[in-house]
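Enquirer: Prediction below, plus the sequence it came from.
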Amino acid sequence: MRLTKEELEEIKNKYDVDNLWSWSRVSAWHTSKYEWFLRYVQHVEPDRTDCIYGQEGSYSHDIIEKFYNKEIQYDDMLTEFEDSWNMSRNVLGLKFNRNDATKDESIAEKYHENLKLFFQNHQPLNHNLHTEHFALIHVGNNILQGYIDAWYQDNENDIHIIDWKSSSIYTGNTLTEKSGQLVCYAMYFMQNGIPIEKIHLHF
C-alpha cells in the first residue's frame, strides 16, 4: 500500500526535512541537472506520453505482486500480461520507438516474447515474499524513501532484496552502476539491525 501525501508530510515533519528523496529523483539529478530542474522545480511534465516502457513495467510489477500476494493463480500471470499488452499496444497505441516504425515493431516483438517467457517459466520463490515494502533510508542529513519490489528472509535468516526488471539486462560495470537503488535498500536493512554480510541483492 502506497503512503498518502498526508502520511509523507508527517514523515517530513518528524525528521524536519523539506523533501523526501526518491531513487528516481536521485538518478535524475545525476543524469541531467537541467531535466531535474524542469521536473522537480518547474514541475514540467515529460513529453513522452506515448512511451510503453513505464506502462508495461508497472503492469508487470503488479502482476508478479498479485501472484505472490495470492490474488491470482500462476497461470493467470500470462493472461493478465497479454491483456495489459493488448491495452498498451492495440488500444492506447503506446510505442517503444515513436520515430521509427520498423524499430518499434522489432523491439515490441522481442519485449513481448521475453515477458511471455518470464510469466510462463517463472520459478516461484518458496519463501514468504514481502512486496512493495515501504522503506526510509537515512543518507547524511537527507531522507530517501522508496518501495522495495520484493524481499524475503531465507532459512539462514539472510535477507534477499529483489528488484524486478522488465526491460533491462545488466552485466559487467553496468551491473554495478545500476545497483544504487538496491544498495540504498540494503542500507535500510542495515539501519534496522541486519549485518551487511546477511544481505543479498538480486535483479
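Expert: Yep, it's here.
Enquirer: Keeping just the C-alphas, turn the longest helix belonging to the chain into CSV.
Expert: Using DSSP state H, we find that the single longest helix of the chain is helix 101-121. The C-alpha trace of helix 101-121 is given here as CSV (Å, rounded to 0.1, in the frame of the first residue of the first chain):
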residue,chain,number,x,y,z
ALA,A,101,8.1,2.2,-37.0
THR,A,102,10.3,-0.7,-38.1
LYS,A,103,12.5,-0.5,-34.9
ASP,A,104,9.4,-0.1,-32.8
GLU,A,105,7.9,-3.3,-34.2
SER,A,106,11.2,-5.2,-33.8
ILE,A,107,11.6,-4.1,-30.1
ALA,A,108,8.0,-4.8,-29.4
GLU,A,109,8.3,-8.4,-30.8
LYS,A,110,11.3,-9.2,-28.6
TYR,A,111,9.9,-7.5,-25.5
HIS,A,112,6.6,-9.3,-25.8
GLU,A,113,8.3,-12.7,-26.3
ASN,A,114,10.7,-12.2,-23.4
LEU,A,115,7.9,-11.2,-20.9
LYS,A,116,5.8,-14.1,-22.1
LEU,A,117,8.7,-16.5,-21.4
PHE,A,118,9.1,-15.0,-17.9
PHE,A,119,5.4,-15.4,-16.9
GLN,A,120,5.3,-18.9,-18.5
ASN,A,121,8.5,-20.1,-16.8
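Enquirer: contacts for the next helix or strand after that helix?
Expert: Sequence order places strand 130-139 as the next helix or strand after helix 101-121, per DSSP states H and E. Under the criterion Cβ atoms under 8 Å, 6 or more residues apart in numbering, residues 1-3, 11, 21, 64-65, 68-69, 143-152, 184-185, 187-188, 191 lie in contact with strand 130-139. Placement of C-beta: from N, CA and C, glycine included.
Enquirer: The helix or strand following strand 130-139 packs against which elements?
Expert: Per DSSP H and E, the first helix or strand lying C-terminal to strand 130-139 is strand 142-153. Identification of packing neighbours for strand 142-153 by 3 or more Cβ pairs under 8 Å, 6 or more residues apart in numbering; DSSP states H and E yields helix 5-15, helix 23-31, helix 52-68, strand 130-139, strand 159-162, helix 180-191.
Enquirer: average pLDDT for strand 142-153?
Expert: Averaging pLDDT along strand 142-153 gives 95.
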